[in-house]
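> Here is my input, please return the structure:
(3 chains)
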Amino acid sequence: MRIRKELFADERDDDLRLVGQPVRRQDIEGHVTGRTAFFDDHSVAGLLHLRCVRSTQHHARIRSIDTSAAERTPGVRRILRWADLPKKAHNILTIFDFGIDDEPALADGKVRYKGEPIVAILAESRRAADEAVAKVRVDYEPLPAVFDVEEALKPGAPLVNEYIGRNWFRYWGDYDCQQIRFGDVEAALRSADLVVSGRYQMSPIEHAPLETQGCIVVPAEDGRFTVYTCTQGLFFSLDNTAAQLKIESNRLHFVGGTVGGGFGGKVDTVVEPLAVLAAMLTGRPVRYVFSRAEEMQVSSPRGAERIYIEDGVMRDGRIVARKITHYHDAGAYSRLSTYGTIKSAAHHPGPYTIPNVWVDSWCVFTNRTPSSAMRGFGVTGGDFALESHMDVVARAIGMDPMELRIKNAYRDGDMKAHRKLTQGAALVECVQVAAELARWPLSEEARRDSSRVGGGGERARIPPTPTARTRAPGSTGTGARVEPARLGTGFAASEPRRGTTPLPGWTGGAGFPSSRPEPPRREAERREPPPEPPRPSTGGHGAIRFSSVFGSRRR
Amino acid sequence: MPLEVRSTPTLAEAASLLQAERAARFLAGGTLVVRAVNEGDVSFSTIVRTSDPAFTRLRTAGGRIELGAGVTMAQILASRELAFLHPAARSVGGPAVRTMATVGGNLFAPHPYGDFATALLALDARIRLASGFGAREVSLEELLRGRERTPRPLVASLSFERPADPAAFRFRKMTRTRPKGPAVLTIAAWLPLSGGRVSGARVAFGAMAATPIRARAVERALEGRPLSAEGVAVAVAAAAGEGDPPTDPIASAWYRQRVVGVILRRLLLGEP
Amino acid sequence: MRAVRLELNGVEVAAVAEGGETLLTLLRERLGDTSPKAGCLQGTCGACTVLLDGEPVLACLTLAELADGRRVTTVRGLADGPRLHPLQEAFMDGFAAQCGFCTPGMLVAAKALLDRDPNPTREQVIEAISGNVCRCTGYTPIVDAILEAARRMAGRRG
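Numbers count the residues shown, from 1 in each chain, chains lettered A, B, ... in the order given. Below you'll find the predicted structure:
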């Protein structure tokens, strides 16, 4: 490894004592001696084993669940159902007042993806739990399922999630998607020398950590619960478990920090609430660990993303317009996909200064396994599309792909589409060094270029911007005019309706409402308050809080 | 019901236990049966095993090579006599799996496993069933066709003719990960030459159907042909029509059909 | 239920195993050696690798009673008192572990190799750990560390 200290030498203190030096990990002696204690390495006597009966259907109403034979299985102590849940539905972001509680920890009368937990068996041994699981009879009434983001947005598509009420997440209570509007993209596309379009598709990716997700919960005599867990967000999971069980967080003592591989896949807090509830209801220690098959089938993967890009390009290589539609497949429940969608919009149009940018980023619900965080989710898929497209553009105009990137790279002082001035740009230098290492010939002009030259001035200007809003087909909104200022800070999304708002007429279980999207509502019928005014950026800014909780660098 | 393990000193006693309790499973190396237990398979509650020395015996003297069904992949790899089978044995798992996995168990390994069984198919192995299961010999093809029946047949040993020319045996496994992984497909071939032309070829495909299969159209197309680019062309073209490859997380049926001819050609021509 | 006596890392131990219990459960839950890990319980990840009479096996697929009367070595048996095994030292120096979950199985698989062949080639090292999955570091630092340990051991033998 070599550190290119000559670049930007004047911008930092040159006292790197750790970077580039071999450093012994603090925890490595425990790893190599087999003494590191992972959650499952805690020895607890008298454990009950928790196993879930899981949906065999992608989308179905549950007519009945027969657990009688399972209850009679020797060693079975208790069976948990939806009715046992203190909170009937939850989303892990509503503890920050963001999003909608849309996921029951056990099926509420309907299953929305294959593998969804329906009832939880508690037994004296893993074998007894397995036997009982095999004896539970679930009578399904299959419903039409939707697996494609664009199909899900069409009018008449099967409604996946009644808590959400439509197959897409509505931001600010009134925006059908995350939107960036900067300059006049349509006019720029019309006047460009060439328009280059592309469609890009990501498949879901499973983190496949070597340690599957799980926890051991031990009730203490003082009414508290010790939870040994592999969560990546110890206090985030503690708060979410408390919220879901409607108990004070001081009744939970989470022990963790030793994660057997996470990569973003261990923040969803899907095992802890059920296991703590089981310990509360039985007074016994409980162990709930995903099998490898569950880890692969049920734990959230990186979501499938579909990205359309339309670039307006000039013959000299300048990209003058970029129009992007980005669909995130959240699967059946939000989990963290509502946030991943925000991240994708925040990342577009990539590290390039393009004077006209239009982005719609949708969080779409389908009957697939709920997706969630994984290493730069929202961003990685976008980068795959953007950088693939840069190569397509380069070919289309017969330009060297490295030079195309240098030509369009943002420079210090440039205005980004998000109305932030660029600081500390280094893309030009990165491309130059990459070309040098790959012995890729660059022109003299490209070799001499710099991120610190050519920015600002006219490029620091916010262009006049038409603010047409995108609506889902068949969707209705308030019709309120969009203030440009609000578009500029459009990433601090917060639902004006609090996450705990119950669904009208929703009772769960029996008498399930019809699985069709709600009919378009007329203005007069709307009861919600108008969207909240943008919050001052000094406090309560959703995006800031997200990054302080999850820290995008840690994904 | 809790699991019960019953150990028997002889294979015959194991066989009679399995006859008496139809839901019992026979354990050889454990890589299939214990895995099933771990994954929540409650369809059986008795595991039968044997400490019969004949079960793990390996006889390489004489005209026929005979392997007890409990012979492990590691035992195969330790035998110099069986060097021609080392690539097939080494393609099964890592060293720890090979300490455990047996040749008999591999005959029952579900798709996409069964690489060693594919090799044995090309060697035209004969299977001796334990007493109680007829104590008779069947062809490996016949065993594979009926391997899902209950009670599962108990294999005592298997045998095949010692190859006069070990170089006539070839084996290729295509995986998506290196150096190891489940098969996209596996090909084993017995290609004796007579006067520079193939005579009496046997070609077996693994992961191209629910069980390893003989590729008879390929075999017919090779008969009397030299192993040259022109000589193998018809056989290579016939490869895609063999079997009924499943679609699974490793590869789609479409991909397996597209790539099987490519791998077969490389195997036949000795290309890397 | 069955009493199992075995030699665990040089110490005679005994425990009672349930019917069908695996060696992994016996080690982790009855004998208190949690160093072998349950990564997949299906024989594909190698995190539970231990030595049975010196040969690598998957503890998750081995019935506990089959270890009766035999020698079992886990990663906790690698160190010589307070002195770590050269493999352990090389893993520490070479950043060959990140989350640490695969490390015990990886080290045991590597020990099985070096016990048999103290001077392996890179290809032999790769083959020796081909049944052990690591999701964090990538395999290069692990392979490097095993080769480094072999070099150090050769140096000590002089």
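> So what's the residue count around the nearest residue to B:W254 once chain neighbours are set aside?
Closest residue to B:W254 apart from its sequence neighbours, by CB to CB, 6 or more residues apart in numbering or on different chains: B:T247 at 7.7 Å. C-beta: built from backbone N, CA, C; applies to glycine. Look at B:T247: counted by other CB atoms under 10 Å in any protein chain shown, it has 11 neighbours.
> and B:T247, what element?
Assessed by DSSP states H and E, B:T247 sits outside every helix and strand.
> Now it: phi and psi?
Main-chain torsions, B:T247, degrees, to the nearest 10: phi -100, psi 130.
> Go ahead and confirm it touches B:A253.
Yes: using CB atoms under 8 Å, B:T247 makes contact with B:A253 at a distance of 4.6 Å.
> Kindly provide the distance from the residue nearest to B:W254 to chain C.
20 Å (CB to the nearest CB, to the nearest Å).
> close enough to count as contact, A:I319 and A:Y410?
No: counting by CB under 8 Å, A:I319 does not reach A:Y410; the two are 11.6 Å apart.
> Looking at the two, which has the bigger crowd around it?
Neighbours per residue (other CB under 10 Å) separate A:I319 from A:Y410, with A:I319 holding more: 27 against 22.
> Now do the contacts for the residue nearest to B:H86 when sequence neighbours are not counted.
Among residues not flanking B:H86 along the chain, B:L77 sits closest, at 5.7 Å (CB to CB, 6+ apart). Counting by CB atoms under 8 Å, 6 or more residues apart in numbering or on different chains, B:L77 makes contact with B:86, B:89-90, B:98.
> Considering those residues, which possesses the most neighbours?
Neighbour counts for the contacts of B:L77, by other CB under 10 Å, peak at B:A89, which reaches 26 neighbours.
> pretty sure it is in a helix, no?
Yes: counting by DSSP: H, G, I helix; E, B strand; the rest coil, B:A89 is located in a helix.
> so how far is C:T62 from it?
Applying CB to CB, to the nearest Å, the value for B:A89 to C:T62 is 20 Å.
> Tell me which residue in the stretch 101-250 of chain B sits closest to chain A.
In the stretch 101-250 of chain B, the residue that lies nearest chain A is B:P249 (8.7 Å; CB to the nearest CB).
> Likewise for the stretch 1-150 of chain B?
B:G40 (3.9 Å).
> downstream neighbour of the lengthiest strand in chain A in the secondary structure list?
For chain A, the strand reaching the highest residue count under DSSP state E is reported as strand A:319-331. Next helix or strand after strand A:319-331 toward the C-terminus (DSSP H and E): helix A:337-347.
> got the contact list for that next one?
Residues from elsewhere that reach helix A:337-347 (CB under 8 Å, 6+ apart): A:93, A:98-99, A:169, A:171, A:177-180, A:303, A:305, A:326, A:328-331, A:359, A:361-363, A:370-373, A:376-379, A:381-383, A:418, A:490-491, A:493, A:543, A:546, A:552.
> in the chain, which helix or strand is least confident?
Using chain A. The helix or strand of chain A with the lowest confidence, counting by mean pLDDT, DSSP states H and E, is helix A:484-488 at a mean of 34.
> The intended chain is chain B.
Quick look at chain B via mean pLDDT, DSSP H and E: least confident is helix B:11-20, a mean of 93.
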